[in-house]
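Student: Below is the sequence, then the predicted model.
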Amino acid sequence: MKNSLKTIQVLAQIGRVLSKIAWICCIVGAAGCLIGIASLAVGVDEVFKIGGVTIYGLIKNETGMSVGSMYASMAVGMILCLGEIALALFAERYFKNELKAGTPFTLAGANEMTRLGILAICIPVGTTIVAEIAYQVINAVFLNVERMNIDNFVSVGLGIAFLVMSVVLRYGAQLNADN
């Protein structure tokens, strides 16, 4: 039994580290998108020249993206990253508290897992809706905005798995309390 708990704790430590890495990467991604939007808005693209080629010219020539498509891509990317920042924070908090408790079989841990499951469903759905609204606004303002497939960012399977796991954790916590 001790080996199983040790394995669970190692997995929780890995989960905490991966959640922290996801959090940092999403912050960098959201900041990069915001900086890209701001620099495109104020015309900074003319400042960054390499051999007479601007960043805007390079992107336009290599990808064929219009200015509206660039705005849409960065706005959607920033919105999705912001949602993942929140989700990664809640996941990291769950793993940190589980490691502090020394076992996943606590009522507090089960409640956190339930919250994480609900958030893993709701946050991606919410950010996808907000991202689609942002895309539609940009599409109405700019010409030639490429259609973006935002639907692939929603997966309720992980949230459902967390919810099912929370029931198992709650059961384990109740068994521990009874003994």
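Tutor: Received, thanks.
Student: Could you verify that Met148 is part of a strand?
Tutor: No - going by DSSP: H, G, I helix; E, B strand; the rest coil, the assignment for Met148 is coil, not a strand.
Student: show me where pLDDT drops low in this protein?
Tutor: Within the chain, the stretches with pLDDT under 70 are 1, 43-63, 153.
Student: if you set the cut-off to 80 instead, what comes out?
Tutor: Low-confidence segments of the chain (pLDDT under 80): 1-2, 41-65, 151-155, 179.
Student: For this structure, which segments are assigned as strands?
Tutor: 49-50, 53-54 (DSSP state E).
Student: Excluding chain neighbours, what is closest to the most centrally placed residue in the chain?
Tutor: By C-alpha atoms, centre = their mean, the chain has its centre lying nearest to Glu84, at 1.8 Å. Nearest non-adjacent residue to Glu84, counting by C-beta to C-beta, 6 or more residues apart in numbering: Cys26, 4.5 Å away. C-beta: built from backbone N, CA, C; applies to glycine.
Student: Also Gln9?
Tutor: In space, Gln9 comes closest to Leu99 once its chain neighbours are excluded; the distance is 6.6 Å by C-beta to C-beta, 6+ apart.
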